[in-house]
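Q: Quick one: sequence plus predicted model below, questions after.
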Amino acid sequence: HRVRRRTATRVDDDERRDGRRRTTTDDDGRRRGDGGGDSGGQRRANHPSIHPSGRGFVRVVTRRARASASAVRACVARESDGRVRRSLFACVGRVARAGVWARRARAVGRARGREVGTAMATKPGVLYDFPWEGYGSLKYITLVPFVAQVVLGKDDGDNFAWHLLAIAALRYANAQLWISLSRVQWLTRSTRIQAKGIDFKQVDREDHWDDYILLQTIVIACVHHAPKLGFSGFPAYDGVGVAQLALLHAGPTEFVYYWLHRALHHHKLYSAYHSHHHASFVTEPITGSVHPFMEHLMYTANFAIPLLGTWALGGASIAMFYIYLLGFDVLNAIGHCNFEFIPRWFMRIPGMKYMIYTPSYHSLHHSRVHTNFCLFMPLYDYVYGTADKTSDELYEKAITGAAVPVKAPDVVFMAHGTELLSVFHLPFVLRSFSSRPFVSAWWLKPFWPLCVPFVLLLRIFGSSFVADRHRLRHLNCETWVTPAWGFQFFMKSEFNHINKKIEQAILSADKSGVKVLGLGALNKNEALNGGGSLFVNKHGKHLKTRVVHGNTLTAAAILQKIPSDCKEIFLTGSTSKLGRAIALYMAERGVRVVMYTTSDERFEKIRNEAAKKDQHLLVQSKSLSDGAACKDWVIGKHCSERDQQSAPRGAVFHQFVVPPIPESRKDCVYTDLPAFKLPKDAKDFRSCEMTMERGQVHACHAGALVHSLEGWDHHEVGAIDHTRIDETWEAAIKHGFSLA
């Protein structure tokens, strides 16, 4: 009994403390003036400890097991009585069972965490999932009958199948337009509403945003073809009907939606359905259509009122469907775009604040949950007393840039385009595609011609632009893109143009107060600008921004993959920046380095840099066959399938060449390009860094981040200082980076 009481007391105390922490640190936005927490019932419904797949459940179970074990140990230390010892056996059994329970809970949580598109409501209700849930892209088969009708000439007199497909295509185009607009940093950064960004979890949850388009297309078609209903024979346009449509929406539909929405915030319906939508604290334009199947059924029935009502009044037309469905999507996207753009003069028109909402108005609903319930017309919130009192204040802050003041990033990493199709991997182009490692997929090939004019426009008018924003502890980070593609870095005629763009970016960063600017991939090419030394030599005395090529950490990542007991390596690309640093580093540690190079002059220059006692360990090779007895090949230059045949069976190819060499030898091992996993406290990562997996960055990017975290005051350009490799590696590990 004593053990049981003590254990229960400790667990209850822990849960109370955990509850206080959750309330005070739930989301960054909820600590700011523009948003509060959920109401009590909703917060309890959202608490992950309720559902056995939530992380809170795992924490509570694990905490119970640990608390029980701690109590057992304390009792054993204090009590030697036989009765107590016997009673402890039962307690130990419960601890063991709790441990098994905790392990099972973790397994369930991990399994659910790996699933994409799984239920996000705390207690999913009836008809939560769409009928095609889990079928992936096969859900688009639902559009095949409409396509078949059009292609086979089986469409009806209204050409209704063609119009439904055209409306669906325009709805997709509208969504893409708003996604792109909301993610273009120069357009939105000065009027953003929420400072916090989104992550991969939200991207995955919202991947099925278009389910409502398929559902509504099917429902409208079913009503159109319903026997004896007569929902057909529409004229092209009817002006009176459009007015009827607007009035029916402003009246019945807005009224019904308001009360339906309030009902969905009752704790039972909220936990069963609507919490799925509110899992997105920071919204994007498509967030407005991310709801469970049951909710969309209710919404579709409500939104049918203006369409059916207009038809019943004799004003229906084909234009009615285009105007209502596309107009609805535009207004829905506006409310969830997370940047304010509705002009002040427009909102100052008498009565306008009651007729149309703004992005900041609806943002308060997602941050405070229990206010601003309207669909598009705040009138109903004001009538029924649910309008947030700070709506006007937040609007003024957002439209003037005071809601999220523009600040210079601490760290900028400069990337560039690779192949032409990589333009589609930009976060503001294809949202879902950019959230996964870049692959030149087959379905991208038809869009290749679109890339050519884009490249030409950037070549003529372009300058470096912000692709994405992230956070790492106290650092605000941005990824900028040099307007150049891979092939341009190998054209000497383009060198001056590319260097000019990079130089402009460095000066702009310096002027705005950026602390560290990292040069990625070919932006620091030796032939292009000497690893960034060109800019530092020209502006170094006046530059406050530290220019970093990050190759010191890249070299450390390569060296970490070479076995510690290695006695000899075969090194290609041996006279490059990385090759030179690797050769000098390994020679200092008594490793024989066979440097494959045909340049006697460059080889001798590197060997003379080594200490005299180590120079004999640097050996020049002009034939790949010299590596036939070496198990560790360090590849810094393209190595064809034929070249790889010179390596012995079981050899390991350690690579730092871009692109990676073909893996043609099944009897050999190929390491990945040097990359790092980000620390666990990295936030707001919603896109992948080209071919990197989620949560990973290239080693040179990690090098720029480490440089800033350490507060180093030197430029890292030109030749790699191999004496700082260990120091840089240790700093990366200290800050939570790990090899990918």
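A: Right, received. Where do you want to start?
Q: so who does Gln696 touch?
A: Contact partners of Gln696, counting by CB atoms under 8 Å, 6 or more residues apart in numbering, are 675-678, 688-689, 740. Backbone N, C-alpha and C define where each C-beta goes, glycine included.
Q: out of those residues, who's nearest Trp448?
A: Cys688 (21.1 Å; CB to CB).
Q: which sections of this structure are below the confidence cut-off?
A: Residue ranges of the chain with pLDDT under 70: 1-119.
Q: Can you tell me the SS state at the residue nearest the centre of it?
A: Nearest residue to the geometric centre of the chain (CA atoms, centre = their mean): Arg686, 0.8 Å. What DSSP: H, G, I helix; E, B strand; the rest coil gives for Arg686 is coil.
Q: contacting residues for it?
A: 197-200, 202-203, 427, 434-435, 468.
Q: Pick the one among those residues closest to Pro252.
A: Gln202 (33.1 Å).
Q: In which helix or strand does that closest one reside?
A: Here Gln202 sits within helix 200-205, counting by DSSP states H and E.
Q: CA atoms of that helix as CSV?
A: Taking C-alpha atoms only, helix 200-205 is exported to CSV below (Å, rounded to 0.1, in the frame of the first residue of the first chain):
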residue,chain,number,x,y,z
PHE,A,200,6.4,17.9,-42.9
LYS,A,201,3.7,16.5,-40.7
GLN,A,202,1.3,19.2,-41.8
VAL,A,203,2.3,18.8,-45.5
ASP,A,204,1.5,15.1,-45.3
ARG,A,205,-1.8,15.6,-43.5
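Q: Give me the distance between it and the centre of its chain.
A: Counting by CA atoms, centre = their mean, to the nearest Å, helix 200-205 is centred 8 Å from the centre of its parent chain.
Q: Also stretch 702-711?
A: Worked out by CA atoms, centre = their mean, stretch 702-711 lies 22 Å from the chain centre.
Q: quick one: contacts of that stretch?
A: 410-411, 413, 472-473, 475, 477, 515-518, 546, 548-554, 675-676, 678, 697, 716, 728, 731-732, 735, 737.
Q: Only whichever of these are buried, select them in ChimeraX.
A: Selecting only the buried entries of these in ChimeraX, with 16 or more other CB atoms under 10 Å as the criterion:
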select :410,411,413,472,475,477,515,516,517,518,546,548,549,550,551,552,553,554,675,676,678,697,716,728,731,732,735,737
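Q: and the contacts of stretch 702-711, which of them are in strands?
A: 411, 413, 472, 475, 477, 516-518, 546, 548, 675-676, 697 (DSSP state E).
Q: hang on, the earlier thing: on contacts alone, who are the packing partners of the helix holding Gln202?
A: Judged by 3 or more CB pairs under 8 Å, 6 or more residues apart in numbering; DSSP states H and E, helix 200-205 is in contact with no other helix or strand.
Q: Can you list the buried residues in it?
A: Result for helix 200-205 [16+ other CB under 10 Å]: buried residues 200, 202-205.
Q: which residues are in contact with the helix or strand hosting Pro453?
A: Assigned by DSSP H and E, Pro453 belongs to helix 448-461. Residues outside helix 448-461 that contact it (CB under 8 Å, 6+ apart) are 417, 420-421, 423, 483-485, 497.
Q: From the chain's centroid, how far away is it?
A: 26 Å.
Q: those helices in the stretch 601-740 of the chain, which residues are they?
A: Under the criterion DSSP state H, counting those that start in this stretch, the stretch 601-740 of the chain carries helices at the ranges 641-644, 699-710, 725-734.
Q: Perfect, that will be all.
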